[in-house]
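>>> Please find the sequence and the predicted model below.
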Amino acid sequence: MIFGAKRRRGHQGFFALFEHLDSTVDACKALRAAGHKGFRAYAPLPEHELLEEGLALTHSPVRVFTLAGGLTGAATGFAFTSWTSMDWPLVTGGKPILSIPAYVIIAFECAILFGALSTVIGLFINAGLPNFRPMVAYHPECSNGSFGVYVTAPPAKAAEVKKLLSSHEPAELREEPEGFDV
Amino acid sequence: MATADLTKRGALPNPDVRKYEDVNKAVLKVLGRPGKGWWALFSIAVAGVGVFLTSWFYQIYKGIGVSGLNAPVGWGVYITTFVFWVGIAHSGTLISAILFLFRAPWRQAIYRASEAMTVFAVMTAGLFPLIHVGRVWHAYWLVPYPNSRFLWPNFRSPLVWDVFAITTYFTVSAVFFYLGTIPDLAAARDHARGIRRKFYQIISLGWRGTDREWHHFSKAYIYLAALATPLVLSVHSVVSWDFAMAIVPGWHTTIFAPYFVAGAIFSGVALVITLAVPMRKFFGLEEYLTVKHFEAMAKLCMLTSLIVLYAYMVEYFLAWYSGEPPERGSFWNRVFGHYWWANWIMLTCNGLIPLMLWFRRVRRSIAALFVISIFINIGMWFERFVIIVTSLSHEYEPWAWGLYRPSVVEMGILLGSFAWFGFWFLLFTRLLPPVAIAEMKEVVPPPRRRKAAS
């Protein structure tokens, strides 16, 4: 592996595997209510109930990337076509040197291209992809049919976290001596 | 949306698919060892790619004179096939982006395959301008950069627009396709062993399905779909302006952009049907690609075939109504001239045969749809042939009229392009999950401990 896993010093890790969506959502809500931050939920699909109700995730900064990329692209397209036409003014087909309607097409295509690529950059930055760190704090069932919650806690709070997770009846509760940042 | 409602609208794959695990099992089993049938098809595709490359290399060696292109018909089978493949690409983006924004619940099962088709069709189409220009070692002249006297390309030319449109379309559709597969590649990684596992680990970019990943992923996906939607409508419009901007009779018309876009979607959906029928059969995906999915695609075909048929009629009417002798002559020549047969193949395959889709029994018969879809593909290739070749062969001055006959090299490249496309598609069906696993799960009711109140 290219990088080592990011450890959370002085923390223990708990991975709870849930078979049901509603228990996962409940567990996430309870963890938030108990003041836990930086825990992770795993799902095999973008389940809105989990993301919006369970974790209260709202806006994503990816949209800023999309907008910025699109505007940059449109500006680049117009600037490029206009500058190259002005650089050596040559009348073709009796059309004006600055043929704006024709340049709209180039600007439009550039807007889409830059917008799409910068959306991907925005996604990669915000979602932390590509992530070639070791697959710690992961369960392969989470890409199949189950949900997961991963919490780290210092030893003093470990018992509380364990109790909270087991109260939502996980299919499996893994306790690890080390906590990781995922 | 309530489950019953989703079922009625054709979203749910099958009452038998009840659990998320079923989706993984059914789709990932396709990625196992390929059978004899796959190897047979793959060998044919490789042989066809051989024909393709041999013909092309022969043309590079001997020169563009080995094609039938000459004055006045300087655009022939290559440009026809280019437009054909660009058109094919459009339905993939329609199904993956436009129907996604419209929340059409039947798209999930079919969209991965049609999006793959988009990427490979643009890959095929993109080769044809290079083949057509002859001196392929100068293909980099397409890139907008100044010549040695610092004169830049003419951005008023539709051919330059086309370079921008096709490049953007290929990049964006490839990115959109790849991004959508990432969660499914992670599922394949967790299922695979050994070297395959390493392969999927790398190309899934280490996806883990965390809330952080899904949150930004689902937003990014919406924005990409919103960008791809105007893009797909623009690309075939730009392709149509390659013709409509010229003053050739039969080309110089404002109806071209919508007419081309409708035709593109028409041919693309037809090819999705042609590919989905054998895929469903060979990979045992009957529970996922149901009759309802095929019926929905048949309705799309029906709608677009009517738009295309309407465009044909409007073209004839306007040619007559314009009162312009060259315009009238061009269309008379299409119907009764030297290439009358191409025009009648086009009208029969694109206008008449799809009328059968008005019958519910035809729309729900997979065998009938398969046959009709092949006719549509043939008809749509001939549509481009009619537009390009017959118009160029019959312009203004009678002494400048002339005929064109495709050479063996051109036919080899045309047939080879299908093999090239098939080569990539066959590889796709074995290496990447051919049905979107994560998206299929969105239409399967989630597992709940408590019984849902609704």
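Thanks, I have the structure now.

>>> And the most centrally placed residue in chain A, how close does it get to chain B?
Among the residues of chain A, the one closest to the centroid is residue A:127, at 2.9 Å (C-alpha atoms, centre = their mean). Relative to chain B, residue A:127 is positioned 4 Å away (C-beta to the nearest C-beta, to the nearest Å). Where you see a C-beta, it was placed from the backbone N, CA and C, and this is true even at glycine.

>>> How about the contacts made by that residue?
Contacts for residue A:127 (C-beta atoms under 8 Å, 6 or more residues apart in numbering or on different chains) come out as B:212-213, B:215-217.

>>> Tell me, how many residues neighbour residue 53?
Looking at chain A here, since you left the chain open. Residue A:53 has 14 neighbouring residues, counting by other C-beta atoms under 10 Å in any protein chain shown.

>>> look at chain B instead
Residue B:53 is flanked by 14 other residues according to other C-beta under 10 Å.

>>> ok, it to chain A distance?
Distance from residue B:53 to chain A, by C-beta to the nearest C-beta: 30 Å.

>>> Spell out which residues make up each domain of chain A.
A:10-58+A:136-180, A:62-127 (automatic domain parsing).

>>> what residue ranges in chain A score low on pLDDT?
For chain A, applying pLDDT under 70 flags the ranges A:1-2.

>>> Would you mind finding the longest helix in it?
Ranked by residue count under DSSP state H, the longest helix found in chain A is helix A:100-127.

>>> Local confidence estimate at the closest residue to residue B:88 other than its chain neighbours?
Nearest residue to residue B:88, sequence neighbours excluded (C-beta to C-beta, 6 or more residues apart in numbering or on different chains): residue B:121, at 4.2 Å. Looking at residue B:121, its pLDDT stands at 95.

>>> follow-up on the earlier one: can you put the domains of chain A in JSON lines and add distance to residue B:230?
Shown next, in JSON lines, are the domains of chain A (distance: least, C-beta to C-beta, whole Å):
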{"stretch": "domain A:10-58+A:136-180", "distance to residue B:230": "24"}
{"stretch": "domain A:62-127", "distance to residue B:230": "7"}
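
>>> Out of these, which is closest to residue B:321?
Closest to residue B:321 of the domains of chain A is domain A:62-127 (C-beta to C-beta; 26.7 Å).

>>> Figure out how far the closest one is from the centre of its chain.
Distance, stretch centre to chain centre, for domain A:62-127: 27 Å (C-alpha atoms, centre = their mean, to the nearest Å).

>>> Please apply the same query to stretch B:440-454.
Put simply, stretch B:440-454 sits 35 Å off its chain's centre (C-alpha atoms, centre = their mean).

>>> That stretch and chain A in contact?
Yes: using C-beta under 8 Å from any C-beta of the partner chain, stretch B:440-454 reaches chain A at B:441-442, B:446-450.

>>> still on that earlier bit, which residues does the helix or strand that the longest helix of chain A is followed by contact?
Using DSSP states H and E, the helix or strand that follows helix A:100-127 in sequence is strand A:147-153. By C-beta under 8 Å, 6+ apart, the residues outside strand A:147-153 that reach it are A:8, A:11-21, A:24, A:27-28, A:31, A:36, A:38-44, A:47, A:50, A:137-139, A:141-142, A:160-161, A:165, A:170, A:179-180, A:182.

>>> Strand A:147-153 pairs with which strands, parallel or anti?
Here strand A:147-153 is paired, per DSSP bridges, with strand A:12-18 (antiparallel), strand A:40-42 (antiparallel).

>>> where does it sit relative to the chain's centre, distance-wise?
Between the centre of strand A:147-153 and the centre of its host chain there is 17 Å, according to C-alpha atoms, centre = their mean.

>>> May I have it as PDB, with CA atoms only?
What follows is strand A:147-153 as a C-alpha-only set of coordinates in PDB (Å, rounded to 0.1, in the frame of the first residue of the first chain):
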ATOM      1  CA  PHE A 147     -24.800  -1.000   6.700                       C
ATOM      2  CA  GLY A 148     -22.000  -0.100   9.000                       C
ATOM      3  CA  VAL A 149     -21.000   2.400  11.600                       C
ATOM      4  CA  TYR A 150     -17.500   3.100  12.700                       C
ATOM      5  CA  VAL A 151     -16.700   5.000  15.900                       C
ATOM      6  CA  THR A 152     -13.500   5.800  17.700                       C
ATOM      7  CA  ALA A 153     -13.400   6.700  21.400                       C
END
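
>>> in it, what's buried?
For strand A:147-153, the neighbour count (16 or more other C-beta atoms under 10 Å in any protein chain shown) marks A:147-153 as buried.

>>> my read: residue B:262 touches residue B:308, true?
Yes: using C-beta atoms under 8 Å, residue B:262 is in contact with residue B:308, at 5.5 Å.

>>> ok, and the closest non-adjacent residue to residue 74?
Picked chain A for this. residue A:111 (4.0 Å).

>>> that's the other chain; I wanted chain B
Nearest to residue B:74 is residue B:392, by C-beta to C-beta, 6+ apart, at 6.8 Å.

>>> host element of that neighbour?
Assigned by DSSP H and E, residue B:392 falls in helix B:391-393.
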